[in-house]
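> What follows is a predicted structure for the sequence shown.
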Amino acid sequence: MQKVTSSSTFLDAETNLSASSDQPSIAIQRPFEVDPSEYPFTDHWMPYRDGYIHYIDEGQGPTILLLHGNPTWSYLYRNIIKELRSNCRLIALDYPGFGMSKAPSHYGFTPQEQSDTVQVFIRRLNLKDVVLVVQDWGGPIGVNYAVQHRENLRGIVVMNTWAWPTTLLPVKLFSLAMGGWPLGYWLQTQRNFFAKHIVPYGIHHTENITNSLRKAYTDPFPTPTSRIPTWIFPGQIRKAHLWLKEIESRLSVLSDVPSYILWGRKIVTGSPCQR
């Protein structure tokens with residue numbers, strides 16, 4: 001366990017100032033260690049109900065907000081942050097229950113709740129003219145904000161995600177198997193299946209799969225209870241149907257937003273060919 005002191009700031013729950021403001025440092029104990037050569041960033045912590053949100057806020061310039069998926073966290077964007085922080089302000093948060101964030105009591109870990117959390121986060125940091133970068137579940141979580149706050153959106157970068165109810169039978173079956181059936185619950189909570197197996201399986205350049213990378217994705221979920229959020233997300237592919245349909249119905253408000261779509265050739269889930 002690493003104790004973060006001078007490199008950590010704790011943003012008061014009621015403040016509306018930027019995280020770059022002069023906030024007092026408070027000693028916060030990280031729940032797990034990360035290789036500092038891979039993740040050389042200052043930690044920031046925002047109180048959220050009786051939990052807190054961990055986030056990275058690096059650089060100055062146009063604001064880019066990076067939203068992760070399941071079972072990842074801000075570590076996912078470490079190389080992008082290092083590459084662009086000399087020209088941009090890059091902010092990456094960990095959703096409650098993911099990364100180093102602590103979920104408040106009675107938190108349900110649904111995409112709707114995570115999207116509400118992101119909206120609170122944006123408001124508290126007073127982020128303006130934002131470029132959203134979304135991936136996996138970060139897509140509907142972020143696009144839900146975008147369709148409600150078009151005026152605060154400068155652009156959007158989309159990677160292997162979706163913003164509508166799925167129509168693909170294999171995806172529905174995946175949702176049922178991994179987020180509904182007892183076997184999926186067992187795989188997720190007892191074997192940390194997504195973090196331990198799905199994440200490395202999705203990395204094309206296998207030479208980049210180091211022990212420290214594996215630990216960075218498995219360490220946020222040390223117990224069966226802590227892994228429940230990774231089980232809830234796949235089930236929401238089916239259960240969040242109405243919420244996703246509502247997002248889809250409002251996508252036209254983003255028709256004039258500067259956009260960039262990046263897609264892996266072997267990625268099927270959420271493929272643009274659906275629309």
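Arrived safely, thanks for sending.
> which residues touch stretch 194-207?
For stretch 194-207, contacts defined as C-beta atoms under 8 Å, 6 or more residues apart in numbering pick out 70-72, 178, 188, 209, 213-214, 217-218, 220-221, 227, 230, 264. Yep, even glycine has a C-beta here, placed from its N, CA and C like the rest.
> Could you find the two of those residues that are most distant from each other?
The most widely separated members of these, counting by C-beta to C-beta, are 227 and 264 (25.5 Å).
> Quick check on these two: which one has the bigger neighbour count.
residue 227 (25 against 11; other C-beta atoms under 10 Å).
> re the thing from before, list buried residues within the contacts of stretch 194-207.
70-72, 178, 188, 213, 217-218, 220-221, 227, 230 (16 or more other C-beta atoms under 10 Å).
> Restricted to helices, list those residues.
178, 188, 213, 217-218, 230 (DSSP state H).
> May I see the buried ones among the contacts of stretch 194-207 arranged in TSV, with distance to residue 254 as well?
As requested, those are exported to TSV (distance: C-beta to C-beta, whole Å):
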residue	distance to residue 254
70	23
71	27
72	24
178	29
188	33
213	34
217	31
218	35
220	31
221	33
227	34
230	29
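> Name the nearest of the residues you listed relative to residue 116.
Among the buried ones among the contacts of stretch 194-207, and counting by C-beta to C-beta, the member closest to residue 116 is residue 70, at 17.0 Å.
> correct me, but that closest one touches residue 236?
No. Using C-beta atoms under 8 Å as the test, residue 70 is too far from residue 236 to be in contact (9.4 Å).
> Least confident secondary structure element in the chain?
Of all helical and strand segments in the chain, the minimum by mean pLDDT, DSSP states H and E falls on strand 3-4, at a mean of 39.
> And the contacts of stretch 213-229?
31-35, 38-39, 70-73, 75, 95, 97-100, 103, 109, 188-190, 192, 195-196, 199-200, 230.
> in stretch 242-257, what counts as buried?
So, applying 16+ other C-beta under 10 Å, buried residues of stretch 242-257: 243-244, 247-248.
> measure that stretch end to end?
24 Å (C-alpha to C-alpha, to the nearest Å).
> how about the strands in this protein?
Under the criterion DSSP state E, the chain contains strands at 3-4, 8-10, 28-29, 43-48, 51-58, 63-67, 89-93, 130-135, 153-159, 259-262.
> and the third one, which strands flank it?
As defined by DSSP bridges, the strand partners of strand 28-29 come to strand 3-4 (antiparallel).
> Tell me how far residue 190 lies from residue 73.
Residue 190 is 21 Å from residue 73, where distance means C-beta to C-beta, to the nearest Å.
> my bad, should have said residue 249
30 Å.
> which residue ranges form the helices in this protein?
Under the criterion DSSP H, the chain contains helices at 78-84, 111-124, 138-148, 169-179, 182-191, 193, 199-201, 211-218, 228-239, 241-249.
> low-scoring stretches of the stretch 151-275 of the chain, by residue?
Residues of the stretch 151-275 of the chain meeting the criterion pLDDT under 70: 266-275.
> where does residue 28 land on pLDDT?
We note a pLDDT of 78 for residue 28 in this prediction.
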